[in-house]
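A.B. asks: Pasting a predicted model and its sequence here:
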Protein chains: 2
Amino acid sequence: MKNTKARIIAAAANVAVTKGVQNLTIDAVAEEAGLSKGGVFYHFASKELLLLGMVQALVDHTETMVQAHRAADTEAGGWLRGFIRASLAEDAEDVGSIGQLSVGFLTAAANDASLLAPMNDRQPQWRDAINHDGIDPVRAQIIRLAADGLWINDIMGVPVLDAEERAKVIERLGHMTWPDYKEG
Amino acid sequence: MKNTKARIIAAAANVAVTKGVQNLTIDAVAEEAGLSKGGVFYHFASKELLLLGMVQALVDHTETMVQAHRAADTEAGGWLRGFIRASLAEDAEDVGSIGQLSVGFLTAAANDASLLAPMNDRQPQWRDAINHDGIDPVRAQIIRLAADGLWINDIMGVPVLDAEERAKVIERLGHMTWPDYKEG
DNA sequence: ATGACTATACCGACTGGTCGGTATAGTCAA
DNA sequence: TTGACTATACCGACCAGTCGGTATAGTCAT
């Protein structure tokens, strides 16, 4: 079953979020996924491959959500609006899946920067999309970076904003994605 | 000697950056600092305390740099300009120290979110400074988040921007810190 | 001024536990 | 009969933390 791999990744993400990153062990993942240790290794020959799979899942998830958003929003700035929704997910139970995947991302980054390859590989495409989203490229990059900043602070649990500020920031970032946005 | 603690922290940061986070062991730190394992434990009773010390050092470093900048720039937006310089350090060999400390921060975050306490504890003050820096608070938060985003992507080695884009983004963020900034 | 004692800083062999990974024999559904 | 596992036992590297000991400089009562 191809599906089991996804189940293992979901289980790993869940373990990372509930038990903490330092307890993301193969045994814990196996238990969470309802498999034996051998079963996990049957699908992922090493922990490294599992971590890579988690990062890949996050990338896929993000790109899928952006693509879905673009289907209904083909105007200038649409890629960025999709990206904001995908990574900040203010409006859905997607919060669960993306939040968990994200912790996996952090785990990977901490263990070994090379595990971020699936993410790094997509950066040229993302940069290209951002630079050609129909608005000023520098502003576009800043919007993306601010979304990243909010996202990573969320993952790490650093309280940079309260709920009200957060809502306002996300709203403003949305406004900034429109070509005719004027500061002030 | 009070100094040895700082030397150990510097050594730990250096190990994290050169050997990778997963090789940040007490043995490696000891060797880097020119001490024995026991010597390290004499100053930091546990690895956790060492990690906390590293995060604290990053916070201190950031606040010191912001403070230094503010001494020469008391105008509106000055805190943010100091923060940008402190965390993005485009112009100094401070790049070394802050970059290394930052990797320690990431290590701490990955091992256990509670190790970020020294950083989390300062967020209320930072938020207050940002909200009262003399410019629109929402824009101010976005500037800070974008700086964070660029910073963390740097630490993780995710290639979000090329050198030219990076320079332009930092320049733009600087412009945005002024009260009379207008988009376009 | 000498011997007893204390504080500080540090050494490094060792222990104990964790965890990724391996091995093997067997189950069971399609 | 092959693919997808289960169950369990085990290996061995790695690493945080321990602990008995060493070195040195200073204190202080006699």
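C.D. replies: Yes, it's here.
A.B. asks: Would the one helix or strand in chain A whose mean pLDDT sits lowest count as contacting chain B?
C.D. replies: Lowest by mean pLDDT, DSSP states H and E among the helices and strands of chain A is helix A:94-111, with a mean of 78. Yes: applying Cβ under 8 Å from any Cβ of the partner chain, one finds helix A:94-111 in contact with chain B at A:Leu106, A:Thr107, A:Ala109, A:Ala110, A:Asn111. C-betas here are computed from N, CA, C, even on glycine.
A.B. asks: quick check: angle from that helix to helix B:94-111?
C.D. replies: For helix A:94-111 against helix B:94-111, the angle by axes from the mean of the first three to the mean of the last three Cα atoms, to 10 degrees is 120 degrees.
A.B. asks: number of nearby residues for A:Val103?
C.D. replies: 26 (other Cβ atoms under 10 Å in any protein chain shown).
A.B. asks: Now do the contacts for it.
C.D. replies: Neighbour list for A:Val103: A:Ala13, A:Ala16, A:Val17, A:Val21, A:Ile155 [criterion: Cβ atoms under 8 Å, 6 or more residues apart in numbering or on different chains].
A.B. asks: Closest one to B:Glu164 out of the residues of helix A:94-111 next to chain B, please.
C.D. replies: A:Ala109 (25.2 Å; Cβ to Cβ).
A.B. asks: quick one on the thing from earlier: let me know the closest of the contacts of A:Val103 to DNA strand D.
C.D. replies: For the contacts of A:Val103, the closest approach to DNA strand D (Cβ to the nearest atom of the strand) belongs to A:Val21, at 14.9 Å.
A.B. asks: Now that closest one: closest residue in space that isn't a chain neighbour?
C.D. replies: In space, and not counting its chain neighbours, A:Val21 is closest to A:Thr107: 4.9 Å by Cβ to Cβ, 6 or more residues apart in numbering or on different chains.
A.B. asks: Show me how chain A divides into domains.
C.D. replies: A:1-45, A:51-176 (automatic domain parsing).
A.B. asks: deepest of those, which one?
C.D. replies: domain A:51-176 (a mean of 19; mean count of other Cβ atoms under 10 Å in any protein chain shown).
A.B. asks: Just the endpoints, please. Distance across that one?
C.D. replies: Start-to-end span of domain A:51-176 (Cα to Cα, to the nearest Å) is 35 Å.
A.B. asks: can you check stretch A:131-138 too?
C.D. replies: Start-to-end span of stretch A:131-138 (Cα to Cα) is 8 Å.
A.B. asks: Show residues contacting it.
C.D. replies: With contact meaning Cβ under 8 Å, 6+ apart, stretch A:131-138 is reached by A:75-80, A:130, A:140-141, A:177-179, A:181, B:165, B:168-169, B:172, B:184.
A.B. asks: out of the residues of helix A:94-111 next to chain B, which touch DNA strand C?
C.D. replies: With Cβ under 7 Å from any atom of the strand as the criterion, the residues of helix A:94-111 next to chain B include none near DNA strand C.
A.B. asks: what sits against the residue nearest to A:Val21?
C.D. replies: Neighbouring residues of A:Thr107 by Cβ under 8 Å, 6+ apart: A:Ala16, A:Val21, A:Leu24, A:Leu51, A:Met54, B:Ala110.
A.B. asks: does any part of the longest helix along chain A sit near DNA strand C?
C.D. replies: Of all the segments of type helix in chain A, defined by DSSP state H, the longest one is helix A:47-71. Yes: looking at helix A:47-71 against DNA strand C by Cβ under 7 Å from any atom of the strand, the contacts come from A:Lys47, A:Glu48.
A.B. asks: Give me the angle between that helix and helix A:94-111.
C.D. replies: Here the directions of helix A:47-71 and helix A:94-111 differ by 140 degrees (the same axes, to 10 degrees).
A.B. asks: Check the offset of helix A:47-71 from the chain's centre.
C.D. replies: Distance of helix A:47-71 from the chain centroid (Cα atoms, centre = their mean, to the nearest Å) equals 7 Å.
A.B. asks: Show me what it is packed against.
C.D. replies: When contacts are defined as 3 or more Cβ pairs under 8 Å, 6 or more residues apart in numbering or on different chains; DSSP states H and E, helix A:47-71 packs onto helix A:3-19, helix A:26-33, helix A:78-88, helix A:94-111, helix A:117-131.
A.B. asks: now the residue of chain A found nearest DNA strand D, what's its secondary structure?
C.D. replies: DNA strand D sits closest to A:Gly39 of chain A, with a gap of 2.3 Å, by Cβ to the nearest atom of the strand. Under DSSP: H, G, I helix; E, B strand; the rest coil, the three-state class of A:Gly39 is helix.
A.B. asks: Touching, it and A:Ala30? I think so.
C.D. replies: Yes: A:Gly39 lies in contact with A:Ala30 (Cβ atoms under 8 Å); the separation is 6.5 Å.
A.B. asks: ok, the closest residue in space to A:Ile152 that isn't next to it in sequence - contacts?
C.D. replies: What sits nearest to A:Ile152 in space, not counting adjacent residues and going by Cβ to Cβ, 6+ apart, is B:Ile152, at 4.9 Å. Applying Cβ under 8 Å, 6+ apart, we find B:Ile152 in contact with A:Asp148, A:Gly149, A:Ile152, B:Leu106.
A.B. asks: quick one: what helix or strand has the residue lying closest to the last one once chain neighbours are set aside in it?
C.D. replies: Going back to what we said before, that points to B:Leu106. Of all residues not flanking B:Leu106 in the chain, B:Ile155 sits nearest, at 5.5 Å (Cβ to Cβ, 6+ apart). Element membership of B:Ile155 [criterion: DSSP states H and E] is helix B:137-156.
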